[in-house]
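S.K.: have a look; sequence and predicted model below, questions after that.
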Amino acid sequence: MAINRKFTNVSAGVPGPKGSKLIELRNQYVPNGVGNNTPVFVEKAHGSIIEDVDGNRLLDFAGAIGTLNVGHTPEHVVQAIKQQADQFIHSCFHVGMYKPYIDLAMKLSSITPGNFSKKTILLNSGAEAVENAVKIARKYTGRSGIVSFTRGFHGRTLLGMSLTSKVKPYKYKMGPFAPATYKAQFPYLANRPNGQTEEEYVDFCIHQFNDFLLTEVSPDEIAAVIMEPVQGEGGFIVPPKRFVKEIYTICKKHGILFIADEIQTGFGRTGELFASTYFEIEPDLITMSKSIAAGVPISAVTGRSEIMDAPSPGEIGGTYGGSPLGCVAALEVIEQIEKERLWERANEIGTTIKNCFNELKEELPIIYDVRGLGAMVGIEFVDPITRQPAKELVAALTKTCYENGLIILSAGVHSNVLRFLTPLIISNEELNEGLDILKNSLQQVIGKHKTEVK
C-alpha cells in the first residue's frame, strides 16, 4: 500500500548514522536495565512530530507514554517555563513557598471529580504520587492493607512494584516486596468464558471481590483500594462501569478509601477530563502525573480535605515536589485542555482508530480485540489458530512502524497489545497518515510471518 507522506520521512534510516553512534555511547555509559522502546535519539519535537538527530521525521503515537496530551513543546507552555526560569527555578516549597504551587493546588482541587472540599499535594512522579496517596490513606484510616488489581501498574518504587501485577520486567528478583499489599481480580471482558453474557460476567467478578474480602484480607484491615479506571500497562483494559461502581460502593460500606490512579487516564485522555467521571464515582484520593505538564516532571495527589490533612507537618512532601517550572507548565496545560475541550477531541481520535481496526478485524483474525475509552485505545493480537498471545508479532510490528516513520508502543501482561497514546492535538491528516503507516507495517509483518511459517 502506497503511503501519501506529508509529515514523515525516514530516508536516513532508523537509527541513522548519528543515532547509531549515540546508541554505542548509550550502551557504554547507561545501564542495561534502563529500557528503550525505540532506537530514536530526538533532536527536536513539536506537536505530534519528532525529528531525530539524523533528520528523520516520525509521527508520535506514544506521546512519551501518555505524557503529551497537548503535544510536544506547546508554545504557551514553553513561554511560561522560560518566564518562570528567569524569575527563579527552585526554592523548595518547604523552605520558600511560591504562588504557582497554590494556584495549581486550587485548580486541581476544583477540576477533579467530587463535590466536596479538597486539598492537593504536589510531587515529582506518578510512583511518588502513589506512595504518598497510600501514606495518607494509612494515616487517615489507621489501617495498613492496600488492595490493587491484577494487571495493574502503579510504578517501579518498592511500594509501586508491590502494587503492580506484571512480574517481568518490573518485579523479577526485586523482592521482598512491601507487606500488607493484596491483589484482587480485575475484569477482562474480552476473555470472559464462552457463553457467559457481559452481565453474568460482571456478577461473577463482583462475587469474586466479595470472596476476596473473606479469603485474603478483612475489610476492617484495608486502608484503601487503588484502581486504574482504565488499565494502562496492563493492556488498556476497560472494566465494566457496574463493576467499578460496585467496588466503590463496597469501599464506602466498609470505610475503605478509594484511590483512583488517573496517572495515565487523566487530563482528557479517555474522553472525560478524568476517567472517574465516566464511571460515575467520586474517589477519595486521585493520583495524577504524565500529561499534567506537557513533559515537565510533576505529579499530584488530590483528595478530601479531612483525609489529606491526616498527616502531620513533615510526614509528606519532598525537596523537589511541585517544582515552580512544573507548576506553571501544568497551569498552562490545563488551561489549553479546558479551552479546547480536548476530551471531546479524544473521543473523535478514538472513534477513528477503532473504526480503522474494526474494519481490519473483519479480514485479519489475528486482531482479537479492539477496545478503549476516548483516545486511550488498545488493539490485542492473538494467533488465530492457537489463540495464544501474539507477542512476537506485536514486537515486530512496533519495530517495523518506527522504521517506517511511526512511534507506537506495546502493552499488556503478554506484551501483545498495541496501545495508542497520540497527542490530543494531532490533526486528522497526521492521524490518518500514521494509521496508513501502521496498516502498511502490519501487512509487512503478517506477510513476513507467513513466509517464515512456510
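M.R.: Sure thing, it's come through.

S.K.: all helices for the protein, in order.
M.R.: Ranges of helices in the chain, per DSSP state H, are 17-29, 63-66, 75-87, 99-111, 126-141, 158-163, 198-215, 241-254, 275-278, 305-308, 324-340, 342-363, 391-404, 428-453.

S.K.: the longest one - contacts with which helices or strands?
M.R.: When contacts are defined as 3 or more CB pairs under 8 Å, 6 or more residues apart in numbering; DSSP states H and E, helix 428-453 packs onto strand 57-60, helix 342-363, helix 391-404, strand 406-407. Where you see a C-beta, it was placed from the backbone N, CA and C, and this is true even at glycine.

S.K.: neighbouring contacts of the longest one?
M.R.: For helix 342-363, contacts defined as CB atoms under 8 Å, 6 or more residues apart in numbering pick out 69-70, 268-273, 336-337, 367, 370, 372-377, 379, 420, 422, 424-426, 428, 431-432, 435, 439, 442.

S.K.: now that helix: buried residues?
M.R.: 342-343, 345-347, 349-350, 352-354, 356-357, 360-361 (16 or more other CB atoms under 10 Å).

S.K.: one more: the third one?
M.R.: Within helix 391-404, the residues that qualify as buried by neighbour count (16+ other CB under 10 Å) are 391, 393-394, 396-404.

S.K.: what sits up against it?
M.R.: By CB under 8 Å, 6+ apart, the residues outside helix 391-404 that reach it are 3, 8, 10, 13-14, 37-40, 58, 366, 381, 407-410, 414-418, 437-438, 440-442, 444-446, 448-449.

S.K.: please parse this structure into its domains.
M.R.: 17-60+342-453, 75-340 (automatic domain parsing).

S.K.: redo those as TSV? Include mean pLDDT.
M.R.: Listed next are these as TSV, based on pLDDT from 0 to 100:
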stretch	mean pLDDT
domain 17-60+342-453	96
domain 75-340	97
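
S.K.: ok, G350 to W343 distance?
M.R.: 11 Å (CB to CB, to the nearest Å).

S.K.: again with P365
M.R.: Look at P365 and W343: by CB to CB, they are 33 Å apart.

S.K.: please apply the same query to M308.
M.R.: 26 Å.

S.K.: let me know how buried Y320 is, in neighbour terms.
M.R.: Counted with other CB atoms under 10 Å, residues neighbouring Y320 total 16.

S.K.: hang on, F381 packs against Y368?
M.R.: Yes - with contact defined as CB atoms under 8 Å, F381 reaches Y368; the gap is 6.2 Å.

S.K.: what sits against the nearest residue to I337 once chain neighbours are set aside?
M.R.: Spatial nearest neighbour of I337, excluding adjacent residues (CB to CB, 6 or more residues apart in numbering): G268 at 5.1 Å. Residues near G268 by CB under 8 Å, 6+ apart: 69, 291, 337, 342-343, 345-346, 374, 424.

S.K.: at 6 Å what do you get?
M.R.: By CB atoms under 6 Å, 6 or more residues apart in numbering, G268 lies in contact with 69, 337, 342-343, 346, 424.

S.K.: including distance to T150, could those residues go into TSV?
M.R.: Converted to TSV, the contacts of G268 look like this (distance: CB to CB, whole Å):
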residue	distance to T150
N69	27
I337	31
L342	31
W343	28
A346	26
L424	29
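
S.K.: can I assume G295 is in contact with T67?
M.R.: Yes - G295 is in contact with T67 according to CB atoms under 6 Å; the separation is 5.4 Å.

S.K.: for the residue nearest to the spatial centre of the chain, grab phi and psi.
M.R.: The residue lying closest to the centre of the chain (CA atoms, centre = their mean) is Q264, at 2.8 Å. With angles defined as degrees, to the nearest 10, Q264 sits at phi -100, psi -30.

S.K.: number the residues from 91 up from this point.
M.R.: Understood, numbering begins at 91; the last thing we discussed is Q354.

S.K.: wait, what's in contact with A219?
M.R.: Counting by CB under 6 Å, 6+ apart, A219 touches 213, 377, 379, 389, 391.

S.K.: can you show me the CA trace of stretch 301-312 as CSV?
M.R.: The C-alpha coordinates for stretch 301-312 follow below in CSV (Å, rounded to 0.1, in the frame of the first residue of the first chain):
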residue,chain,number,x,y,z
ASP,A,301,-15.0,-13.6,48.3
PHE,A,302,-11.6,-11.9,48.3
LEU,A,303,-12.6,-9.9,51.4
LEU,A,304,-13.4,-13.2,53.1
THR,A,305,-10.4,-15.3,52.0
GLU,A,306,-7.5,-12.8,51.6
VAL,A,307,-8.0,-9.8,53.9
SER,A,308,-10.7,-8.4,56.1
PRO,A,309,-12.3,-5.1,55.1
ASP,A,310,-11.5,-3.6,58.5
GLU,A,311,-7.8,-4.1,57.8
ILE,A,312,-7.9,-2.3,54.5
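
S.K.: which residues sit against that stretch?
M.R.: So stretch 301-312 is contacted by 233, 235, 237, 272, 274, 344, 346 (CB under 6 Å, 6+ apart).
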